[in-house]
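Student: Just a sequence and a predicted model for now, questions to come.
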Amino acid sequence: MHDRRVARVITPGTLIDENFMDPYSNNYVMSIHMPEPPRISMREAKDVSAAAAAESLAVPQPLMENIANSPLGLAWLDLSTGHFITQSTTLGSLTSVLSRVSPKEIVLDRTITPYASEELLTLLAEERRLSTHAKRPEQWTPADWAPMLESEMPPRSMEMFTTEEVQASNLLLHYVKDRLQNINIKLQPPRRHQSMEVMSIDKNSMRSLEIKSTVRDGALRGSLLHAVRRTVTRGGARLLDEWLSAPSTSLDVITARQDLVSRFRQDETLRDSVVLLLRRCADSHRLVQKFALGRGDPDDLLDLSRTIAASNEIVSRLKSAVATSTGPGNSTPESGSECLANLIGRINLSQPLKLAKMIRNAIDEEGLVQRHQLEEEAAGEMVELAERVVTATGSTDLANVLPKSAPSPTAAAKKRRAVATTSIREYYSADNDAWIMKSGASDVLSTLHAELSGLLQERTELQESLQDRLQASTLTLKWTPNLGHICHVKGKDARAPLDGIRSLSSSRSTRSFHHDEWTDLGARLDKARVAIRAEEQRVFHLLRRAVVKALVPLRRNAAVLDELDVVTGMACLAHERGWIRPVVNHGTAHAIIGGRHPTVEAGLADRGRSFTGNDCFVGSAGHGRVWLVTGPNMAGKSTFLRQNALITVLAQVGCFVPADHAELGIVDALFSRVGSADDLYRDQSTFMVEMLETAQILRSATPRSFVVMDEIGRGTTPEDGTAVAFACVEHLVKINRCRALFATHFHAVTDLAVAKGIYAAEGSTDGVEMYCTDVEEDTGGGFIYMHKLRKGVNRQSHALKVARLAGLPEAAINVAKDVLQNGYQVPTN
């Protein structure tokens, strides 16, 4: 009996093998700490229930608000990159955080009581999130994190984290340490996510605006992320995903990104050269983290060396650009040179360049290529063998498991087969061994290779000597797995008598036998090769340790490369699509001229059609704080709403935007109530889902928020829908006082806005403005949609035109016409 120790427990959030992860998104594992809430007394519970009954509430409102405001501590990390982040939030905001972070696994404290966790567990189940329960360490403090971090944390920095965040981090780090036993984990010091530093985009808005995936099928194609992604590295793609999920609210950060995009857009030569160099860079964060986890192979070392070399060349190009732009007579704005200089200042290459030189001087690239070719050849042979076995047994199940086609042997592999090389071991025992280290990688290796060369020379001399002594010109010295070191003869020599030689194997044309001198020399050759392999491993481990020692600058440089990839990609996008730099300020107004929807415009362009741009001055002086948009179905109301929300996201990411001109005040939260669907899992109708989302918006929007609402109230009767829609408009105007675009088919809402006195007065920013889309009909009954927005109210929805386009039977169309012409009166007896 042998005890087999569990070395590692694999879970979705603790993967460290790239083959199982999406290279374009982070693989986060998140822990949630929920403090024990104060229990209410029986008398308090009765009072709350009585109040709820009096107001006919299904759930007592005080309890509802108390639960939603329950504090939570969050901590999440990506073991593949080393990123480690914490945040404080509430139970009511958790779904939005989960939508932004998209953790693959959630860890909860095993000791949490049902009283505290009931609402949390219900929420996670509704969100379809995989959760794991783990035991939280009792005595852990932030000081216990030190062995798992790449560098020490300043003592004062620990004061930033709340008690809930520390408890969540303790749980998370202990869980990861337990899952990755005996693996030396090195993470970046924790970074606290500040909610005030980024635009809040709730789960429903992220989905309805299709920022990262489409509503219809959850695919990337058709989303904003797909439309704007021009990155060439995997790290850059992940950073762009992160930026779009959490646009910045810092004017300094936004301006710095815009300056970089502007600089690269203006200088096409610099942009193209940097992009070309970025293509040579590996996935730096995940590559470095592999070494931090004690993994990584010689190929990874070479990839790291090439990335460092490309980084050095990028810095040289940037320095040249700065020097050129600051020269006399140059028209480049000062900010363009300053932003490049700041970027250069964040890259530290002194230690990495020494590391890259060590790697280049040690790793034998040709030897690695040879080894890969041998492995491919061996894999192909194994597949061929398996196919023969499966064919012989007639098993179709096994045949489906095998690869559809074996890798085709390379030219080098075919050449080796031609000289009767039948195994990797046999090839390695020949003169042309596939070493992974250069002979000069260390003094020991140089000595060992010199000894091996001497032994190989002895082998050549011994072979010639035996050919003379045994009168066998075809004699060769070989090694085989079954017979070891043998002398091999063929042809007439195989049939000639050899005095004192006992054959080990023979055939009609070949003969093999042992010879003491070759057996002794072969043993010494084997020993020399084993010694070289051992020394290669020693040098390889030294190189891995050198990478770990340079972990901090390598990770910092990787972050800069990712950012450089994103901004050059944005510059390429702006150049390709003719997008402009928006003016972002601390105001509370939108001033967009000729705005276009980024994904719809791209789709139309693919079909050779153009997009009709529209202006949006919501919140600007004389244009009203809330815009009521009416018009026909299919005329672009929803597109107008979404495009302005997406332009806002792009502007605060630092990207250029699809418009002729854009000036926007920074938005603290973006809310979208567009589209509708029921939720059978939670037993909620379409209208109930709509009202829940609307209620959340009206409770959360601030004067700096931006709200887009489409057809609120359509899930109920026209009378009730009109009442609800107007109530929302009035709330947005009088209480939230935020910028809002509100599309509706309830034309009475516009009349109520005038009657109730919330219509924007001439020159006023407050109140409601009316805008609409239209159709243009010709004398033959045909029509075209006029997607251009104009002031006013359109009381015709032209629904029957859309119905006819959709293929509704003509008989049904005629009935609908008759109902519209004759009204809704039903004859009574």
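Tutor: The structure has been received and is ready for your questions. Residues are numbered from 1 along each chain as shown.

Student: use CA for all of it now, contacts and neighbours both
Tutor: Will do.

Student: how about stretch 478-498 as PDB, C-alpha atoms only?
Tutor: Extracted in PDB, the C-alpha atoms of stretch 478-498 (Å, rounded to 0.1, in the frame of the first residue of the first chain):
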ATOM      1  CA  LYS A 478      24.500   1.500 -32.300                       C
ATOM      2  CA  TRP A 479      22.200   1.600 -29.300                       C
ATOM      3  CA  THR A 480      18.700   0.100 -29.100                       C
ATOM      4  CA  PRO A 481      16.200   0.000 -26.300                       C
ATOM      5  CA  ASN A 482      16.100  -3.800 -26.200                       C
ATOM      6  CA  LEU A 483      19.800  -4.700 -26.700                       C
ATOM      7  CA  GLY A 484      21.700  -1.700 -25.500                       C
ATOM      8  CA  HIS A 485      25.000  -0.800 -27.100                       C
ATOM      9  CA  ILE A 486      25.600  -3.200 -30.000                       C
ATOM     10  CA  CYS A 487      27.700  -3.600 -33.100                       C
ATOM     11  CA  HIS A 488      25.600  -3.900 -36.200                       C
ATOM     12  CA  VAL A 489      26.700  -5.400 -39.600                       C
ATOM     13  CA  LYS A 490      24.700  -6.100 -42.800                       C
ATOM     14  CA  GLY A 491      25.000  -7.500 -46.200                       C
ATOM     15  CA  LYS A 492      28.000  -9.900 -46.800                       C
ATOM     16  CA  ASP A 493      29.400  -9.000 -43.400                       C
ATOM     17  CA  ALA A 494      26.300 -10.400 -41.800                       C
ATOM     18  CA  ARG A 495      27.100 -13.800 -43.300                       C
ATOM     19  CA  ALA A 496      30.800 -13.800 -42.700                       C
ATOM     20  CA  PRO A 497      32.100 -15.700 -39.700                       C
ATOM     21  CA  LEU A 498      33.400 -13.600 -36.800                       C
END
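
Student: and it, which residues are buried?
Tutor: 478, 479, 485, 486, 487, 488, 489, 490, 493, 494 (16 or more other CA atoms under 10 Å).

Student: Can you tell me how far the last one is from residue 324?
Tutor: The span separating residue 494 from residue 324 equals 77 Å under the rule CA to CA, to the nearest Å.

Student: Among the buried residues of stretch 478-498, name the ones in strands.
Tutor: The members of the buried residues of stretch 478-498 that map onto strands under DSSP state E are 478, 479, 485, 486, 487, 488, 489, 490.

Student: Including distance to residue 570, could the buried residues of stretch 478-498 go into a markdown table?
Tutor: Listed next are the buried residues of stretch 478-498 as a markdown table, based on distance: CA to CA, whole Å:
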| residue | distance to residue 570 |
| --- | --- |
| 478 | 61 |
| 479 | 59 |
| 485 | 63 |
| 486 | 65 |
| 487 | 67 |
| 488 | 66 |
| 489 | 68 |
| 490 | 69 |
| 493 | 73 |
| 494 | 73 |
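
Student: Return the list of helices and strands in contact with the helix or strand containing residue 566.
Tutor: For residue 566, the host element (DSSP states H and E) is helix 551-577. When contacts are defined as 3 or more CA pairs under 8 Å, 6 or more residues apart in numbering; DSSP states H and E, helix 551-577 sits against helix 234-245, helix 251-266, helix 268-278, helix 284-292, helix 350-362.

Student: Name the next helix or strand downstream of it, please.
Tutor: Counting by DSSP H and E, the next helix or strand C-terminal to helix 551-577 is strand 583-585.

Student: Just name whatever secondary elements the helix or strand that comes right after that next one is in contact with.
Tutor: Moving toward the C-terminus from strand 583-585, the next helix or strand (DSSP H and E) is strand 590-595. Strand 590-595 makes packing contacts with strand 614-616, helix 637-653, strand 661-665 when contacts are defined by 3+ CA pairs under 8 Å, 6+ apart.

Student: Let's see the pLDDT reported for residue 170.
Tutor: Note on residue 170: pLDDT of 92.

Student: Excluding residues flanking it in the chain, which one is nearest it?
Tutor: Nearest non-adjacent residue to residue 170, counting by CA to CA, 6 or more residues apart in numbering: residue 140, 6.4 Å away.

Student: same question, residue 75
Tutor: Residue 75's closest residue in space is residue 86 (CA to CA, 6+ apart), at 4.2 Å.

Student: Work out the gap between whichever strand or helix holds that neighbour and the centre of the chain.
Tutor: Using DSSP H and E, residue 86 sits in strand 83-90. Taking CA atoms, centre = their mean, to the nearest Å, one finds the center of strand 83-90 at 18 Å from the center of the full chain.

Student: Surely residue 486 and residue 479 touch.
Tutor: Yes. Between residue 486 and residue 479 there is a contact at 5.9 Å, judged by CA atoms under 8 Å.

Student: circling back to that earlier point, model confidence for the residue nearest to residue 75, exactly?
Tutor: In this model, residue 86 is scored at 95, pLDDT.

Student: Show me the beta-bridge partners of it.
Tutor: Listed by DSSP bridges, the beta-bridge partners for residue 86 are residue 75, residue 192.

Student: neighbours around it, how many?
Tutor: Per other CA atoms under 10 Å, the neighbour tally for residue 86 reads 23.

Student: what residues are up against it?
Tutor: Listed by CA atoms under 8 Å, 6 or more residues apart in numbering, the contact set of residue 86 reads 73, 74, 75, 76, 161, 165, 169, 190, 191, 192, 193.

Student: hmm, 6 Å instead?
Tutor: Counting by CA atoms under 6 Å, 6 or more residues apart in numbering, residue 86 touches 74, 75, 192, 193.

Student: tally of neighbours for the second one?
Tutor: What that stands for is residue 75. Residue 75 has 31 nearby residues by other CA under 10 Å.

Student: Repeat that for the first one.
Tutor: For residue 74, the neighbour count with other CA under 10 Å is 27.

Student: on that earlier part again, between the buried residues of stretch 478-498, which is closest to residue 157?
Tutor: Of all those, residue 157 sits closest to residue 479, with 63.6 Å by CA to CA.

Student: Distance of the nearest residue to that closest one once chain neighbours are set aside relative to residue 526?
Tutor: By the measure of CA to CA, 6+ apart, the closest residue to residue 479 outside its immediate chain neighbours is residue 485, 4.3 Å from it. Applying CA to CA, the value for residue 485 to residue 526 is 10 Å.

Student: per-residue pLDDT, the residue lying closest to residue 440 once chain neighbours are set aside?
Tutor: In space, residue 440 comes closest to residue 446 once its chain neighbours are excluded; the distance is 5.3 Å by CA to CA, 6+ apart. On the pLDDT scale, residue 446 is placed at 94.

Student: any idea how far residue 532 is from residue 446?
Tutor: For residue 446, the distance to residue 532 - CA to CA - is 9 Å.

Student: same deal with residue 169?
Tutor: Applying CA to CA to residue 169 and residue 532 gives a distance of 45 Å.

Student: These two - which one has more neighbours?
Tutor: Neighbours were counted for residue 169 and for residue 532 using other CA under 10 Å; residue 169 has more, 31 against 22.

Student: Wait, residue 705 touches residue 669, no?
Tutor: Yes. Residue 705 is within contact range of residue 669, at 4.8 Å (criterion: CA atoms under 6 Å).

Student: can I assume residue 220 is in contact with residue 210?
Tutor: No. Residue 220 is beyond contact range of residue 210, at 9.0 Å (criterion: CA under 6 Å).

Student: for the protein, which helix is longest?
Tutor: helix 516-549 (DSSP state H).

Student: what angle separates that helix from helix 284-292?
Tutor: Between the axes of helix 516-549 and helix 284-292, defined by axes from the mean of the first three to the mean of the last three CA atoms, to 10 degrees, the angle is 120 degrees.

Student: For the helix or strand where residue 790 lies, give me every contacting residue.
Tutor: Using DSSP H and E, the element containing residue 790 is strand 783-791. For strand 783-791, the external contacting residues (CA under 6 Å, 6+ apart) are 635, 636, 770, 771, 772, 773, 774, 775, 776, 777.

Student: For it, which strands pair with it and how are they oriented?
Tutor: strand 768-777 (antiparallel).
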